[in-house]
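# I would like the atomic coordinates for the input below:
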Amino acid sequence: MSVPFDKRKTKFNVSAVVLALFGIISVQTATAQAPNPHPAQEALKGLQPFIGNWAGEFEAFGEFEGLAKGKMVTGTERVRWILNKTAVQMTWDNKFKDDGKPFNFGTRIITLDPVSKKLVSHFFGYDGKVYFHGKGVLELKDKVLHSDTVENTINNTNTKSQATRRKSNRNTMIVHHTNLVINGKKIGDLKETKMTRVPFTTTTFDIDRARSHIDEQNKKYMGFYNNGDASGVADLHVDEAIVMPPHVDLVKGKEAIKQAISDEISAGATDLVFTTLDMYGNEDYVTEVGRFSLNIKDNGKIVMNDSGKYICIWKQVSKNNWLIKADTWNSDLPIKK
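Alright, predicted model coming up:
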């Protein structure tokens, strides 16, 4: 039995075939015209094994300007992708193990130079209190990252060096600085540093721990003050501290603060007592809110009582060492008309 020829059905099928073919051609054309991955992404993809958070210990080296030698240092380094994986950022923060004071810290950006087609880096930071800036050229060979760098300090000290980073396993990285030349003088190689992969964590600030240390500082302050030791009180302030007493101009700097405290003591102020009402802040600065009371004496006899409120800003200058950054107060006594 013959099947009648259906023009409509045939036309539909032909159209479907044309559309299907057009779709295939369109997909093929789109695929052929799709842009290649970003050249920097391609050049940097070999750095993936180094991405992560790392920690280690090493003996302090003093070859770079600003660095103290000898003590043990604990170091952390964060290596992460930035700018949609077209660059890598390395940030390091190394502190002395015994007191937590900074050894060195800085950051490095690695990306592709579009002219030379090589990996390049720019970095800056502080070795101790000395600022530095530098640049380098990097190459990944046999899974080892090699770098040649040149850096200059704020004091015009020039340092050339090489370094390698290699993975001994997924969670261990060895960093080695070699061929140091400082102001044209050959220094040699540093010891290798072993870094271990660690989870990334944000530091949780312990306000209770800070408060216990600040309470001890307040006890020292009261002791110095009540014993007539203006120098002791001044030493509880940072060098650039500001004190803002009521009804007079601000007092800036330790020497000026020492003189102001000495004047108060000479006027008979004593029996100072601090009472902390509140304390809040972070690992850098803590604000203390409290009340104070004191007596004014003349030849050992109390001639006036005073009390009032204060706000004091404390700065952590090293691990668990808090000093006064700014201080202000006012009296509860009414202003005499």
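
# wait, is N53 part of a strand?
Yes - applying DSSP: H, G, I helix; E, B strand; the rest coil, one finds N53 inside a strand.

# wait, it touches M173, no?
No - with contact defined as Cβ atoms under 8 Å, N53 does not count as touching M173 (11.1 Å). Every C-beta, even on glycine, is put in place using the N, C-alpha and C of the backbone.

# between those two, who's got more neighbours?
Taking neighbours as other Cβ atoms under 10 Å, N53 and M173 compare with M173 leading, 23 against 17.

# report pLDDT for the closest residue to that one other than its chain neighbours.
Among residues not flanking M173 along the chain, M195 sits closest, at 4.5 Å (Cβ to Cβ, 6 or more residues apart in numbering). As predicted, M195 sits at a pLDDT of 95.

# bridged to the spatially most central residue of the chain, which residues?
The chain has D93 as the residue nearest its centroid, 6.7 Å off, counting by Cα atoms, centre = their mean. For D93, the beta-bridge partners are T76, F105 (DSSP bridges).

# surely it meets G75?
Yes - between D93 and G75 there is a contact under Cβ under 8 Å: 7.3 Å.

# mind checking what helix or strand follows the helix or strand of the chain with the lowest mean pLDDT in sequence?
Least confident helix or strand, the chain: helix 7-33 with a mean of 39, by mean pLDDT, DSSP states H and E. Helices and strands here follow DSSP states H and E; after helix 7-33, the next one along the chain is helix 39-44.

# T164 touches N179, doesn't it?
No - contact criterion Cβ under 8 Å: T164 and N179 do not qualify, at 10.8 Å.

# residues near K69, how many?
Per other Cβ under 10 Å, the neighbour tally for K69 reads 9.

# then I335?
So I335, with other Cβ under 10 Å, has 7 neighbours.

# look up phi and psi at it.
Torsion angles at I335 (phi, psi; degrees, to the nearest 10) stand at phi -70, psi 130.

# residue contacts, it?
Applying Cβ atoms under 8 Å, 6 or more residues apart in numbering to I335 gives no contacts.

# how about the secondary structure of I257?
Following three-state DSSP, I257 is assigned to helix.

# select the longest strand from this protein.
Identified as the longest strand of the chain according to DSSP state E is strand 301-318.

# quick one: contacts of that one?
Contacts of strand 301-318 with the rest of the structure, by Cβ under 8 Å, 6+ apart, involve 99-101, 210, 214, 217, 238, 268, 274, 281, 283-297, 322-333.

# list the ones among those residues that fall in helices.
210, 214, 217 (DSSP state H).
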